[in-house]
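Enquirer: One predicted model, sequence on top.
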Amino acid sequence: MDGVDGHPRSVADLRRDPAWQVSTTTDGRWLLAELEFRHGGHLWRIGLTPVAAGVAAVMLWRDDAVIEHVRGSEAEACALAAGWRASFAGPRPPR
């Protein structure tokens, strides 16, 4: 991944992992980035969407419930999404 700390800093970085599905406009701007997987008997989804100039929202769902919703820069949102995903490799997923 790009970034000084090795974390993704953009949706383009996330997209390098084929598990991420990215929807774009006809001119190439991203509209939605989403990763879906099963863990611990639940369907988990991490999603990012742009909400304003320079601001993205990142959300974490467990089944049909939103567990977390945070807004920040694209770099912050992508790093948080990658952190959430990595936490599933450890002993406990986020809340």
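Expert: Yep, it's here. If you're wondering where the values come from, they're calculated on a predicted model, not measured in any experiment. Residues are numbered from 1 along each chain as shown.

Enquirer: what's the helix or strand where Leu35 lies packed up against?
Expert: Using DSSP states H and E, Leu35 maps to strand 30-39. Under the contact criterion of 3 or more CB pairs under 8 Å, 6 or more residues apart in numbering; DSSP states H and E, strand 30-39 touches helix 11-15, strand 21-24, strand 42-52, helix 74-87. Heads up, the C-betas are built off the backbone N, CA and C, glycines and all.

Enquirer: Now that strand - C-alpha only, CSV.
Expert: C-alpha atoms of strand 30-39 as CSV (Å, rounded to 0.1, in the frame of the first residue of the first chain):
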residue,chain,number,x,y,z
TRP,A,30,-15.0,7.1,-7.2
LEU,A,31,-18.5,7.0,-5.7
LEU,A,32,-18.4,4.0,-3.4
ALA,A,33,-15.7,1.6,-2.2
GLU,A,34,-17.0,-1.5,-0.4
LEU,A,35,-15.5,-4.6,1.1
GLU,A,36,-17.8,-7.4,2.3
PHE,A,37,-16.9,-10.6,4.2
ARG,A,38,-18.2,-13.1,6.7
HIS,A,39,-16.6,-13.4,10.1
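
Enquirer: hmm, back to that, could I get the helices and strands packed on strand 30-39 as TSV with mean pLDDT, mean neighbour count and distance to Asp63?
Expert: Shown next, in TSV, are the helices and strands packed on strand 30-39 (pLDDT from 0 to 100; neighbours: other CB atoms under 10 Å; distance: least, CB to CB, whole Å):
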stretch	mean pLDDT	mean neighbour count	distance to Asp63
helix 11-15	94	19	23
strand 21-24	96	13	19
strand 42-52	96	16	5
helix 74-87	93	19	16
